[in-house]
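Undergrad: Fold the following and give me the result.
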Amino acid sequence: MSQQKRGIINNSAVDPNKILPMKYLWARQHYKDGVANNWAPEEVSMQKDVEQWKSLTALNETERRMIIYNLGFFSTAESLTANNLVLAVYKHVTNPECRQYLLRQAFEEAIHTDTFIYCCDTLGLNPDDIYNMYETIPSIKDKDDFVVNLTKSLFDPNFTTEGTANVQRFLRDLIGFYVIMEGIFFYAGFAMMLALKRQNKMVGIGEQFEYIMRDESLHLAFGCDLINTIKAENPEVWTTEFQEEIMDLIKQAVVLEKQYAFDACPQGLLGINAQQFSEYVEHITDRRLERIDLPKIYGTQNPFPWMSQSTDLSKEKNFFETRVTEYQSGGALEWE
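TA: This next block holds a predicted model:
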């Protein structure tokens with residue numbers, strides 16, 4: 001039997017109902033990390049957010065616009081990623097421990113969707129206005145359309161991952177889903193909302209975005225490990241031409257995310273401007289490229305070093321100073 005037939009895809013020997021013994025222990029670790037980061041949106045108080053949203057002076061028009069744009073983008077983007085995951089990726093990745101993680105990720109996508117329901121309901125926003133922004137706001141529509149077009153192979157009922165060309169198509173779609181959508185298209189929005197939180201504005205929504213960002217960091221890590229494993233087991237697909245194609249797609253994605261950054265926050269926030277959000281997109285894109293063994297493109301320094309704190313799952317805050325946002329299940333916490 002060929003190496004491909006023993007691998008993470010196209011494995012004719014695997015029984016997807018038999019999870020032991022495990023071959024890909026990194027998938028199991030990602031599952032455990034996801035469970036340790038468990039949370040629910042209703043745990044976060046939004047009383048102060050409501051007061052600020054209703055106030056005539058607490059938020060300026062730029063800040064309100066930015067909040068609405070991010071709620072509009074993420075509310076439908078999370079559903080898009082969930083559908084992609086459950087209806088397409090799960091079908092083609094039959095390895096049982098990977099599927100266990102995919103089920104965990106699907107649950108987290110449901111939590112994220114519920115978060116935006118919670119935010120809209122709590123702030124009294126018109127759901128039609130928020131959930132239709134992926135059709136009415138060009139910079140949001142462009143991002144969603146890009147990913148939908150990039151991952152459409154996964155939804156072809158006749159598509160299989162047999163053969164070099166099809167493995168490349170599958171890799172392209174996985175890169176579109178994990179690296180571009182979850183690894184690039186989400187991050188200007190994350191930076192905007194957490195920058196607002198640093199100013200003590202809309203702290204409840206900001207805290208929920210912190211939780212989501214941590215989940216997405218795990219999704220990205222799993223996706224890159226999945227992509228790199230497929231590459232390692234099918235080295236014939238990772239040609240120079242294919243790598244150049246992927247880099248071109250990622251460059252296009254960065255242009256779209258920069259357009260969104262300037263559109264969602266044209267005037268900037270206190271001490272932060274849209275150009276810095278664009279620089280942050282370039283910085284994290286270089287990190288995504290390196291993660292799948294591609295060369296950096298931009299060489300841009302991180303304008304927001306404080307963003308790394310929001311994905312540090314091991315750091316715990318002083319319980320008496322602030323809420324423990326690095327939530328873990330009770331049995332997993334260690335107190336000094």
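Undergrad: contacts, neighbours, all on C-alpha from now
TA: Will do.
Undergrad: does Ile9 count as helix, strand or coil?
TA: Classification of Ile9 by DSSP: H, G, I helix; E, B strand; the rest coil places it in coil.
Undergrad: how close does the residue nearest the centre of the chain get to Asn10?
TA: A centroid search over the chain (C-alpha atoms, centre = their mean) returns Glu182, at 2.8 Å, as the residue closest to the centre. Using C-alpha to C-alpha, to the nearest Å, we find Glu182 at a distance of 25 Å from Asn10.
Undergrad: do the same with Glu244
TA: 25 Å.
Undergrad: neighbour-wise, which of these two wins?
TA: Asn10 (20 against 12; other C-alpha atoms under 10 Å).
Undergrad: Correct me if wrong: that one contacts Thr164.
TA: No: look at Asn10 against Thr164 with C-alpha atoms under 8 Å: they stay out of range, at 11.6 Å.
Undergrad: Look at the closest residue in space to Leu294 that isn't next to it in sequence and report its pLDDT.
TA: Setting aside the residues directly before and after it, Leu294 is nearest to Gln243 in space (C-alpha to C-alpha, 6 or more residues apart in numbering), at 7.5 Å. pLDDT for Gln243: 98.
Undergrad: Now the helix or strand containing Gln243: buried residues?
TA: Element membership for Gln243 (DSSP states H and E) is helix 240-264. Buried positions in helix 240-264, judged by neighbour count with 16 or more other C-alpha atoms under 10 Å: 243, 246-247, 249-251, 253-254, 256-264.
Undergrad: show me where this structure has strands.
TA: Applying DSSP state E to the chain gives no strands.
Undergrad: low pLDDT regions in it?
TA: Scanning the chain with the threshold set as pLDDT under 70 gives 1-6, 310-336.
Undergrad: Kindly recompute the last result at 80.
TA: Applying pLDDT under 80 to the chain picks out residues 1-6, 12, 151-155, 270, 309-336.
Undergrad: Now do the helices for it: every range, in order, please.
TA: 25-36, 47-54, 61-84, 90-92, 96-123, 127-131, 133-136, 138-150, 164-174, 187-198, 203-233, 240-264, 274-291 (DSSP state H).
Undergrad: what's the closest of those helices to Gln309?
TA: Taking C-alpha to C-alpha, helix 203-233 is the member of the helices of the chain nearest to Gln309, at 9.4 Å.
Undergrad: helices or strands up against the closest one?
TA: Judged by 3 or more C-alpha pairs under 8 Å, 6 or more residues apart in numbering; DSSP states H and E, the packing partners of helix 203-233 are helix 25-36, helix 47-54, helix 96-123, helix 164-174, helix 187-198.
Undergrad: Could you pull up the residues touching the residue nearest to the centre of the chain?
TA: 216, 219-220 (C-alpha atoms under 8 Å, 6 or more residues apart in numbering).
Undergrad: For Asp225, which non-adjacent residue is spatially closest?
TA: Trp26 (7.7 Å).
Undergrad: roughly how far apart are that neighbour and Ile9?
TA: From Trp26 over to Ile9 (counting by C-alpha to C-alpha), the distance is 16 Å.
Undergrad: ok, those two, which is more surrounded?
TA: Ile9 (21 against 16).
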